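Asker: this one's structure only:
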Ligand code: PMP
């Protein structure tokens with residue numbers, strides 16, 4: 001049994017069974033006489049790890065390998081802020097972005113280092129406390145970029161915007177494989193693994209093959225989707241251990257009933273916690289102003305009486321709850337409850353929210 005209830009926003013909690021398998025593989029990978037940290041990325045053992053992770057990820061997403069490819073890269077989602085426009089935005093083109101918070105702002109900034117990026121919806125004037133209306137996307141846009149879940153602000157797209165013929169690109173860093181979506185609607189999805197599906201250090205890019213064909217020719221090799229895809233993610237040394245753990249987490253998600261299974265559990269956990277917050281409106285103030293825009297995995301709230309903040313954290317610590325402090329841009333508290341966050345923990349947290357409110 002774990003001692004700590006881990007609300008860390010990422011890197012974050014991983015399934016206990018995955019940690020046990022990974023720990024064993026650090027000593028010896030399936031009887032190979034070598035640690036998973038010691039195998040060559042060109043060896044058959046890694047090829048098998050890569051192939052299984054590639055196949056399982058696509059299967060979980062309901063995508064087929066003839067239409068989509070998965071890249072396992074380094075550099076974090078932050079590198080993708082630049083790689084996406086560098087690959088997809090032609091010199092005379094325009095890209096459209098929905099601005100929903102700190103991370104999408106960074107994506108816009110990086111796109112503007114490459115070319116024209118037009119913001120077609122922003123909730124900046126409302127401090128990102130809700131999702132914005134999206135205005136019509138320029139028909140000639142190379143793509144529309146959204147951030148499906150706003151880790152810091154606690155909002156989430158529960159409906160996928162209609163983009164017509166314009167390819168839809170999404171930063172899914174904080175709800176990747178945590179929310180049931182029709183992934184076929186997206187032309188490119190990227191995510192750092194360190195929240196829902198693995199350790200820090202590996203970034204996943206899922207790209208439609210027809211979009212690969214449309215990528216720019218003049219991209220430096222290390223940023224080029226085509227180069228990485230052709231090399232099956234071993235153009236250079238990939239984050240081997242990260243890919244291995246992502247593969248284990250994919251298997252674990254399958255055991256939970258696939259993405260639908262973990263998404264249903266995530267909904268139940270979120271309902272418990274929002275239910276407790278909403279039961280005491282005189283004590284708690286959820287920071288997201290439109291309930292339909294609330295994130296299921298990053299629940300942000302403040303205390304009406306900010307003088308009680310340290311008392312709230314002290315009480316949480318006594319109950320072995322860590323990682324609850326909100327991001328400095330929003331303040332207050334944030335309960336990050338990704339795939340591996342246990343339902344019993346959400347119950348304990350809801351109990352604590354009720355108990356604190358009654359003090
Ligand atoms: N996008 C989102 C939505 C995030 O939550 C984060 C990390 N918190 C990032 C991008 C940046 O990811 P990385 O640290 O992997 O570059």
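Answerer: Great, that's in hand. In this text, all values refer to a predicted model and were calculated from it rather than measured experimentally.

Asker: show me the contacts for residue 73.
Answerer: 79, 202, 203, 204, 205, 228, 233, 238 (CB atoms under 8 Å, 6 or more residues apart in numbering). Placement of C-beta: from N, CA and C, glycine included.

Asker: Just the pLDDT for it.
Answerer: pLDDT recorded at residue 73 is 98.

Asker: What distance do you get for it to the ligand?
Answerer: Using CB to the nearest ligand atom, to the nearest Å, residue 73 is found at 11 Å from the ligand.

Asker: Give me the three-state assignment for residue 30.
Answerer: Using DSSP: H, G, I helix; E, B strand; the rest coil, the structure places residue 30 in coil.

Asker: and it, how far is that from the ligand?
Answerer: 29 Å.

Asker: cool, and residue 322?
Answerer: Distance, residue 322 to the ligand, using CB to the nearest ligand atom: 17 Å.

Asker: Touching, that residue and residue 6? I think so.
Answerer: Yes. Using CB atoms under 8 Å, residue 322 is in contact with residue 6, at 6.1 Å.

Asker: quick one, which of those two is more surrounded?
Answerer: More neighbours surround residue 6 than the other of residue 322 and residue 6, with 21 against 14 (other CB atoms under 10 Å).

Asker: number of nearby residues for the residue lying closest to the more buried one once chain neighbours are set aside?
Answerer: Distances taken as CB to CB, 6 or more residues apart in numbering put residue 13 closest to residue 6, at 4.3 Å, once the chain neighbours are dropped. Using other CB under 10 Å, residue 13 is surrounded by 24 other residues.

Asker: What segments of the stretch 51-200 of the chain are strands?
Answerer: In the stretch 51-200 of the chain, the strands defined using DSSP state E, counting those that start in this stretch lie at 68-73, 94-99, 116-122, 144-147, 149-150, 155-156, 168-171, 188-192.

Asker: right, so those strands: which one is the most enclosed?
Answerer: strand 149-150 (a mean of 30; mean count of other CB atoms under 10 Å).

Asker: Enumerate every residue touching the residue nearest to residue 6.
Answerer: Taking CB under 8 Å, 6+ apart as the criterion, residue 13 is in contact with 6, 338, 340, 341.

Asker: Now for the closest residue to the ligand within the stretch 251-359 of the chain: which residues touch it?
Answerer: Across the stretch 251-359 of the chain, the shortest distance to the ligand (CB to the nearest ligand atom) belongs to residue 298, at 8.4 Å. By CB under 8 Å, 6+ apart, the contact list for residue 298 reads 9, 149, 150, 151, 152, 154, 156, 174, 334, 335, 336.

Asker: Of these, which are in range of the ligand?
Answerer: 151, 174 (CB under 6 Å from any ligand atom).

Asker: Would you convert the contacts of residue 298 into CSV that also reports pLDDT?
Answerer: What follows is the contacts of residue 298, written out as CSV (pLDDT from 0 to 100):
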residue, pLDDT
9, 97
149, 98
150, 98
151, 98
152, 98
154, 98
156, 98
174, 98
334, 98
335, 98
336, 98
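
Asker: Quick one: the contacts of residue 298 as TSV, columns for distance to residue 215 too.
Answerer: Output for these, formatted as TSV (distance: CB to CB, whole Å):
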residue	distance to residue 215
9	32
149	26
150	27
151	27
152	30
154	34
156	29
174	26
334	36
335	39
336	33
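
Asker: Which single one of the contacts of residue 298 is nearest to the ligand?
Answerer: residue 151 (3.3 Å).
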